[in-house]
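Peer 1: Below are the sequence and a predicted model; questions follow.
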Amino acid sequence: MTEQKDWIKDLVVYQIYPRSFYDSNGDGIGDLPGILQKLDYLEELGVNALWLSPVYRSPNDDNGYDISGYQEIMEEFGTMEDWDRLRDACREKGIRMIMDLVVNHSSDEHPWFLESRSSRENPRADYYIWRDPVDGHEPNNWGSAFGGSAWEYVPERGQYYFHYFSKKQPDLNWACQELRDAVIEMMDWWADKGVEGFRVDAISYLDKPQDFPDSALPPRPDGYSFPDCLICRPGTHAYIREMNRRVFAPRNILTVGEVAAPTTEELGNYVKTDREEFDMAIPFVLPKTEIDTWSPARLREDIEESYRAMKEDGWWARFFSNHDKPRQVSLYGDDGEYWEVSAKFLAMFLHSLPGTPYVYQGEEIGMTNVKLPSIEDYDDPSTRDQYRQYLLSGMDPAAALAQAQLESRDNARTPMQWDCSETGGFTSGTPWLKVNPNTREINVEAQRQDPHSVYQCYRKLIALRKESSALSRGDLAFLETGQQDLFALTRSTADETLLAFHNFSRQERQIPSSLLEGTGEVLLSSYDREGGYRGPVLRPYESVIFRNRP
């Protein structure tokens, strides 16, 4: 991060998944005019940056992450004029526009791919990754992230193309300079239109080993193995530096990379200043991995490790939710008895950490996971594939469905719950994905009127961040409590110290008396509905933030 981008420390970013945010025309699909109609809501919440998940032209095999026209708007979402109006309205409200950018792969319906597949002599023949058959079969044993082989045969060329994701998402060939020039030209075009930032999707996979060796990982139930040599290759870093040199740095554009990094050190390699790559990185972790391995102790360890690695040189993207993860209150909190306090607790914990906080739509009202009754009700291709993999492994269908429900990306993609009506106020038509039935209890309309709601907690946190230099820029120190699920931490500048306690459990926890010395005003409590902080014994999922006395 360069000195000129110190302003990123003041951002609170709100991610919108357009298909599920607000439908303005009754077709059941969220759209750009719908976002524009709700912009006052975002202003009231207090966010000052908007990350827009893909709105480009797409056949929608993977909900817009398969792009067939980088400089066009998907018809379901509106027009380029709608995008221009949204950009102008964001500028008027002081909200920076960040576009999701998918350049690891395109759609197989993109004109580049249609030309590339037509013949080996086409001028764009090398825009994608093609390999000859080996003994009449795929070039290697690699499996796609969405199931099946990572290779698809095209008779016109007599070759296979590589796709790490769906077969409708062929990987772009970043070893081809003409392809890189075309991508850079597209980025420049969007920057000229007023985009102030890019969140770059699946960036860790750009560089491929040209010999494409077999993976040494054990085969999945479908017989293919995950690639074991794709992540964080040296060439990927070189390609990102080229983007930075040619587009990001000259225009002072905010950049956020979605990174699958095996270590904190490798994650830091994407954001350290002398690397000249990204301003922030969003680590990607498979939902199943996170569900199976997370714990409060592991979370603290990861936070401290990344803080040490990037304290002097780098910056953090702080998030618990996005369009690829289960809902945070269902994963890390308690979406039953302690739904409200644990939703507030998670917000207070995240916003008390150093870095730029990200709020994913619906998080600010405590939206939860949903259990759709049948696998056919799920839209997400990875959910359907995971269900098939579980069946192939011998799992009972009911158990396979239960596990797929828990991990599904559709948990985060159910429509935004604006009111208590059957469609959640999202649409006047039939929603593209079923609305969570708990919209009757969990919705924006009710929480805007309730001074003690999850929504109001987020508003207070965001306002506090704007007024507190300790929250936006202060040093972090964890204090020892002797309990793995009771966190105590300080955020400090020369002028201010905030002290926070977070009880990451369903049981009461006692704050050591020595840690309460010097505490002053209580700024926020996750139990504000119950009268707020009442002493050193913290209730389940209780968070409290103090401003220490000078």
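Peer 2: Great, that's in hand.
Peer 1: mind checking how far the residue of the chain most remote from its centre is from D100?
Peer 2: Within the chain, the residue lying farthest from the chain centre (C-alpha atoms, centre = their mean) is D135, at 40.6 Å. Going from D135 to D100 by C-beta to C-beta, to the nearest Å gives 40 Å. Just so you know, the C-beta spots here come from the backbone N, C-alpha and C atoms, and that holds for glycine as well.
Peer 1: Likewise for G235?
Peer 2: 23 Å.
Peer 1: Confirm K208 sits in a helix?
Peer 2: No - counting by DSSP: H, G, I helix; E, B strand; the rest coil, K208 is not found in a helix; it is coil.
Peer 1: Quick check: which ranges of the stretch 151-300 of the chain have low pLDDT?
Peer 2: Within the stretch 151-300 of the chain, the stretches with pLDDT under 70 are 286.
Peer 1: Tell me the predicted confidence for D6.
Peer 2: With respect to pLDDT, D6 scores 86.
Peer 1: ugh, wrong one, I meant Q386
Peer 2: Value listed for Q386 in the pLDDT field: 89.
Peer 1: ditto for Q389
Peer 2: Reported pLDDT for Q389: 88.
Peer 1: shouldn't it be in contact with P219?
Peer 2: No - judged on C-beta atoms under 8 Å, Q389 makes no contact with P219 at a distance of 11.4 Å.
Peer 1: The two: who's more crowded?
Peer 2: A direct count of neighbours by other C-beta atoms under 10 Å for Q389 and P219 places Q389 higher, at 16 against 12.
Peer 1: what's the distance between that one and A399?
Peer 2: 13 Å.
Peer 1: quick one on the thing from earlier: higher neighbour count, G235 and D100?
Peer 2: Higher neighbour count among G235 and D100: D100, with 24 against 14, using other C-beta under 10 Å.
Peer 1: part of a strand, is that one?
Peer 2: Yes - according to three-state DSSP, D100 belongs to a strand.
Peer 1: partner residues bridging it?
Peer 2: R199 (DSSP bridges).
Peer 1: So which residues of the stretch 301-450 of the chain form helices?
Peer 2: In the stretch 301-450 of the chain, the segments counted as helices under DSSP state H, counting those that start in this stretch are 328-331, 339-351, 381-392, 397-407, 444-448.
Peer 1: which ones are touching Q15?
Peer 2: Shown in contact with Q15 (C-beta atoms under 8 Å, 6 or more residues apart in numbering): 51, 53, 322-323, 358-361.
Peer 1: burial measure for the nearest residue to S421 once chain neighbours are set aside, as a count.
Peer 2: Spatially, and ignoring its direct neighbours in sequence, S421 is nearest to T439 (7.5 Å; C-beta to C-beta, 6 or more residues apart in numbering). Around T439 there are 26 other residues, counting by other C-beta under 10 Å.
Peer 1: Go ahead and confirm T439 touches M416.
Peer 2: No - in this structure, T439 is not within contact of M416 by C-beta under 8 Å, at 9.2 Å.
Peer 1: any idea which residue sits dead centre in this protein?
Peer 2: Mean-position check on the chain, C-alpha atoms, centre = their mean. Result N322 at 3.6 Å.
Peer 1: Could I get the pLDDT score of that residue?
Peer 2: Taking N322 on its own, its pLDDT is 94.
Peer 1: tell me the contacts of the residue lying closest to it once chain neighbours are set aside?
Peer 2: Leaving aside its chain neighbours, N322 sits nearest to Y360 (5.1 Å; criterion: C-beta to C-beta, 6+ apart). Residues near Y360 by C-beta under 8 Å, 6+ apart: 14-15, 17, 319, 321-323, 412.
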